[in-house]
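> Show me how the following folds:
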Amino acid sequence: MQWVVFLRAVNVGGTNRCQPAQIAKQLAKFGVVNIGAVGTFVVRENVTESALRSAIAKKLPFKCEMMICPARDIIKLAAKDPFSRQPSEPNITRFVLGLYRRQMKAISYLGKIEKLLGVPATTRNWNTIEKVVKILSEG
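Below is the predicted model of the structure:
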C-alpha cells in the first residue's frame with residue numbers, strides 16, 4: 001500500500017531539526033519522496049504502516065508524532081476540491097479541511113484544535129496536498 005506521512009513539529013522555530021531530503025534518500029527502498037522541509041513524505045512502495053513508522057523513527061534524532069495516511073485517502077480528499085468555493089488571496093492559507101487568514105493569532109488556534117480533538121495534529125498548506133497528489137499520480 002502507498003502512504004503519505006506527515007511529521008509533526010519538524011524544523012519549526014529551530015527545534016526538532018532534521019533533513020527530510022536525507023531521510024527520503026535513506027529510505028529509498030520504500031520509494032520515499034520528500035515534499036519540502038517540514039516532514040511530508042510520499043511512500044510509493046508497498047510497505048506496512050508499522051514497518052514504515054519504525055523505519056522513519058529510526059532516522060529521526062528526536063521523538064516525533066507521525067500521521068500516516070493511506071495515499072488513496074489523500075487522493076479522494078483532493079478530488080473533492082473542498083476549497084473550490086472559498087476565496088483565494090495571498091493572505092489566505094488553505095489547509096486540509098480548514099482555512100485561516102495569515103495572522104499571528106492563528107498559531108494559537110492550532111493548539112486549541114488539538115485540545116478539542118484530544119490528539120496531536122499537524123497542518124499542511126493545500127499546495128502541499130496538491131504536490132502529494134501530483135507525485136502519486138506520476139508513480
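
> Could you find the closest non-adjacent residue to the residue nearest the centre of the chain?
The residue lying closest to the centre of the chain (CA atoms, centre = their mean) is residue 6, at 3.2 Å. In space, and not counting its chain neighbours, residue 6 is closest to residue 67: 4.3 Å by CB to CB, 6 or more residues apart in numbering. No exception for glycine: its C-beta is placed from N, CA and C like everyone else's.

> Flag the shaky bits of this structure, pLDDT-wise.
Applying pLDDT under 70 to the chain picks out residues 93-103, 106-107, 139.

> those strands in it, which residues are they?
3-7, 32-35, 40-43, 66-70, 92-95, 98-101 (DSSP state E).

> Please name every helix or strand in contact with the third one.
So the one you mean is strand 40-43. On a contact count with 3 or more CB pairs under 8 Å, 6 or more residues apart in numbering; DSSP states H and E, strand 40-43 meets strand 3-7, helix 20-26, strand 32-35, helix 126-138.

> And it, how far out from the chain middle?
Offset of strand 40-43 from its chain centre (CA atoms, centre = their mean, to the nearest Å): 8 Å.
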